[in-house]
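1. How does the following fold in three dimensions:
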Amino acid sequence: MQKNHHDEPIIPASVSLPEITWRAVILGTLLTIILAAANAFLGLKVGTTVSASIPAAVISMGILRFFKNSNILENTMVQIMASVGEALTAGIAFILPALIILHVWDGFNYWQTVIVGLLGGYLGVIFTIPLRRALLQDKTLRYPEAVAIGNVLKASATREAGDLNSLIGGGFVGALIALFQSGFQILTDSFQYWAKIGSTVLGFGVGMSPALIAAGYIVGVNVAVSLLVGIAIGWLAGVPVLAYFYGAPDANTANQIAMDMWRSHIRYIGVGTMLVGGLWTLCTLFKPVLQSMMASVKSLREIRLGNKAVDIRTERDIPITYVLGATLVLLIPIFLLIACSIIPDSFGLSHAFRYAISAFSTLYILVGGFVFCSVMAYFAGLIGSTNSPVSGLLVCALLVICLILLTCFGLQSELGTVVAIGSMVIIGAALSISNDTMQDLKVGQIVGATPWKQQAMLFLGVTVSAFVIPPILQLLYNAYGIGGVFPRPDMNPAQMLAAPQAGLMAVVAKGVFTNQLQWVMIGIGAGVAVICIIIDEYLKKNHGTRLPVLAVGVGIYLPLDSSVPVVIGGFLSHLINVRIDHLYPRGQADQEKKSNKHKHRGLLLCCGIVAGASLMGVILAIPFAIKQSSDALRLMPDQYMPLAGVLGLFVTFLLCAWIYRVVMKVKN
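-> Next up, the predicted model:
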């Protein structure tokens, strides 16, 4: 049953084990609720969530070990269901509060929020089903977090001593560093230094997250180079040039000026790059996605004719006819939600105009949602779920619908903003779920799970999450207020949940209808994308390497503390692999076996680091939520924070040196 080759699934297609069991459903439901609640506060407070896929895998793996007849596929189903809670929380928390910020809603109405979660979540799962074969067969996609999860599960099932030692050692180190960074704050997870030079600013920043460094190691040097190109365009060149032209206020520090330039200008260059790059990526995916859908229809037809030989367990999705039927059925409640709930009666629209706008929005959610969900699923393979720019693609999708509503329907500022945000609420949930779903499907491919059973558990996870998230969001809103809006006048603004992602969506939508958006920056980003596409095509045809345009856009869009550690990990991986190839030349079987052993050890070690740091992030979310502050465990006083930065750099260097030493160590 178990395979010795690391590239093969641990459970072959010819073997059938129990996957969806009552204990998997019960445990998955409990973890879904816990992880959704833990991430809701972080999503509204700081605009980010902690990926729950790896923590869910580790937790379920520990619990299911108490059952003698449990298996790796059952564990995979628990992980799949539990990870949905965090994904749907992010999709809803990143944009739904914009309706409160815009004073369209006065709270999170339970049933409206439930319906939004169900519709968006179901669409996110449905859109990825025809994409599965195409994206999983793309050899350029590394799926770093999915590989990490899959190796965690495989090492646990095979119980190979070396694999488990690498995972446990990496997990301990990753968790410890994350605790001292995010919890005790004795180490910082980022270090910025910018200085005023005349009328501009120069400098750089470094991120030191162990999870992102390890993720960079997994994705490799090609993505790292692309991110570095984006960093050079956005930060090394963009910030100084824009600070010179737009002024560097004397009252602000150099660090503040750099961050202001990124928020107000650089991010929109990244949005333009990702918008064009996303459309180009979709064009390249069109043929394989169409082939995947045709293969699904052909497989279904052959099975109906009794040809069971083609019914390979590990390639069987939910039938494409069911997918198309479910999509058409979902369009009805989406239309009714927009017409009867999203668009307020206060605008006094005629029934015909209201229904016309609702019909268009429904069509956009279908077509535009599939387009952007395809790109988001692609990101899961390119850089992993945690580092995927959900808000960046949301801004892209929001810009498109705002422009259409403005030019084709002539909507005014307030009405257009409400319709655009209301439509994006469903797309936002679908984007997050599609990103998580594609990662989970890759995990299934690694361990040998049945795709249609994974997809069934995803639907169940969406259902549970959709009913749990609304009271959590309402509770947080009643306790702290959101985005400057308070349910009571006596509340403390210092404790408010800023909901930065939702605030960004509100600003972008209003900016389009008031013509106050950074169109020049978006146009520059589009130009950057065209140049990168030309270079990428040249490199692919003549040198066999790639410059993924979406990765360049991510490098421009993300802050340095999120992109730089991925670059560090990617170049560390390249350095180690070059050294291994030098020590063990190719062409000799025994030498290649030793080479692969070292490389596999490095992969497992970094998988453990990602797992440990991610799990610690979820654990820390609990005291943060209880104490209503991310400084709940902080030990480092304000006056010593520069020391924390120096210590953080030193520990990051030690982490990289430790990874190098462990991977290169020759074991007898």
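2. For the stretch 51-200 of the chain, which segments are assigned as helices?
-> Under the criterion DSSP state H, counting those that start in this stretch, helices of the stretch 51-200 of the chain are mapped to 53-64, 72-93, 97-101, 110-128, 132-136, 144-158, 161-178.
3. among the ones you listed, which is nearest Ala339?
-> Comparing the helices of the stretch 51-200 of the chain by their distance to Ala339 (C-beta to C-beta), the top pick is helix 110-128, with 13.0 Å. No exception for glycine: its C-beta is placed from N, CA and C like everyone else's.
4. and the closest one, which residues are buried?
-> By 16 or more other C-beta atoms under 10 Å, the buried positions in helix 110-128 come out as 112-128.
5. helices and strands of this structure: which one has the lowest mean pLDDT?
-> helix 267-304 (a mean of 72; mean pLDDT, DSSP states H and E).
6. Following the chain past that helix, name the next helix or strand.
-> Downstream of helix 267-304, the first helix or strand assigned by DSSP states H and E is helix 320-337.
7. and that following helix, which residues are buried?
-> Buried, per 16+ other C-beta under 10 Å, within helix 320-337: 320, 323, 326-327, 330-331, 334-335, 337.
8. same check, this time on stretch 8-19
-> Buried residues in stretch 8-19, counted by 16+ other C-beta under 10 Å: 9-11, 19.
9. Stretch 202-222 too?
-> In stretch 202-222, counting by 16+ other C-beta under 10 Å, buried: 202-203, 205-222.
10. Find the nearest non-adjacent residue to Thr314, please.
-> Leaving aside its chain neighbours, Thr314 sits nearest to Ala13 (4.2 Å; criterion: C-beta to C-beta, 6 or more residues apart in numbering).
11. Next, count neighbours for the closest residue to Leu136 other than its chain neighbours.
-> Closest residue to Leu136 apart from its sequence neighbours, by C-beta to C-beta, 6+ apart: Gln445 at 5.6 Å. Using other C-beta atoms under 10 Å, Gln445 has 20 other residues around it.
12. Does Gln445 touch Glu315 like I think?
-> No: counting by C-beta atoms under 8 Å, Gln445 stays clear of Glu315, with 9.4 Å between them.
13. isn't Ala148 right next to Gly612, touching?
-> No: judged on C-beta under 8 Å, Ala148 makes no contact with Gly612 at a distance of 10.6 Å.
14. Endpoints of stretch 131-141, how far apart?
-> Stretch 131-141 stretches 13 Å from its first residue to its last (C-alpha to C-alpha, to the nearest Å).
15. Which residues outside stretch 99-112 are in contact with it?
-> With contact meaning C-beta atoms under 8 Å, 6 or more residues apart in numbering, stretch 99-112 is reached by 96, 337, 341, 344, 417-418, 421-422, 425, 470-471, 473-474, 477-478, 482-485, 487, 499, 502-503, 506.
16. What of stretch 468-485?
-> Identification of contacts with stretch 468-485 by C-beta under 8 Å, 6+ apart yields 32-33, 36-37, 40-41, 44, 85, 88-89, 92-93, 96-98, 100-101, 103, 107-110, 113-114, 117, 487, 491, 493, 495-499, 502-503, 506, 628.
17. three-state assignment of Ala24?
-> Under DSSP: H, G, I helix; E, B strand; the rest coil, the three-state class of Ala24 is helix.
18. So it is in contact with Val78, correct?
-> Yes: assessed by C-beta under 8 Å, Ala24 is found in contact with Val78 at 5.1 Å.
19. In a strand, Val201, correct?
-> Yes: judged by three-state DSSP, Val201 forms part of a strand.
20. do you know how far it is from Gly555?
-> Per C-beta to C-beta, to the nearest Å, Val201 is found 19 Å from Gly555.
21. can you give me the strands for this structure?
-> Using DSSP state E, the strands of the chain run over residues 190-197, 200-207.
22. just checking, what packs against the last one?
-> Under the contact definition 3 or more C-beta pairs under 8 Å, 6 or more residues apart in numbering; DSSP states H and E, strand 200-207 sits against strand 190-197, helix 239-246, helix 254-261, helix 560-583.
23. Output those in TSV; the columns should cover mean pLDDT and mean neighbour count.
-> Listed next are the helices and strands packed on strand 200-207 as TSV, based on pLDDT from 0 to 100; neighbours: other C-beta atoms under 10 Å:
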stretch	mean pLDDT	mean neighbour count
strand 190-197	86	17
helix 239-246	89	18
helix 254-261	88	20
helix 560-583	90	20
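24. Output the ones you listed in CSV; the columns should cover distance to Ala359.
-> Formatted as CSV, those follow (distance: least, C-beta to C-beta, whole Å):
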stretch, distance to Ala359
strand 190-197, 46
helix 239-246, 41
helix 254-261, 41
helix 560-583, 39
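25. what's the closest of these to Ser361?
-> Here helix 560-583 is closest among the helices and strands packed on strand 200-207 (C-beta to C-beta), at 31.8 Å.
26. give the contact list for Ile576.
-> Contacts of Ile576 by C-beta under 8 Å, 6+ apart are 598, 602, 659-660, 663-664.
27. before we move on, the earlier item: out of Ala24 and Val78, which sits in the busier spot?
-> It is Val78, of Ala24 and Val78, that has more neighbours when counted by other C-beta under 10 Å, with 29 against 24.
28. Which pLDDT value goes with Asp311?
-> With respect to pLDDT, Asp311 has a value of 61.
29. same question, Met1
-> On the pLDDT scale, Met1 gets 35.
30. And for Leu476?
-> At Leu476, pLDDT is 78.
31. And for it, the neighbour number?
-> Neighbour tally, Leu476, other C-beta under 10 Å: 24.
32. cool, Arg142 as well?
-> Neighbours around Arg142, by other C-beta under 10 Å: 20.
33. Report whether the expected contact of it with Val219 is present.
-> Yes: if you go by C-beta under 8 Å, Arg142 and Val219 touch, sitting 4.9 Å apart.
34. Now the common contact residues for these two.
-> Joint contacts of Arg142 and Val219 (C-beta under 8 Å, 6+ apart) are Leu382.
35. Phi and psi next, for the closest residue to Arg23 other than its chain neighbours.
-> Leaving aside its chain neighbours, Arg23 sits nearest to Phe67 (6.8 Å; criterion: C-beta to C-beta, 6+ apart). Backbone torsions of Phe67, given as degrees, to the nearest 10, read phi -100, psi 120.
36. Could you give the number of residues near Phe67?
-> The number of residues packed near Phe67 is 11, by other C-beta under 10 Å.
37. Let me see the confidence value for it.
-> Phe67 is given a pLDDT of 81.
38. With Gly171 instead?
-> As predicted, Gly171 sits at a pLDDT of 86.
39. Now do the contacts for the closest residue to it other than its chain neighbours.
-> Setting aside the residues directly before and after it, Gly171 is nearest to Gly612 in space (C-beta to C-beta, 6+ apart), at 3.5 Å. Residues in contact with Gly612 (C-beta under 8 Å, 6+ apart) are 170-176, 178, 210.
40. My guess is Val78 contacts Leu31. True?
-> Yes: contact criterion C-beta under 8 Å: Val78 and Leu31 qualify, at 6.8 Å.
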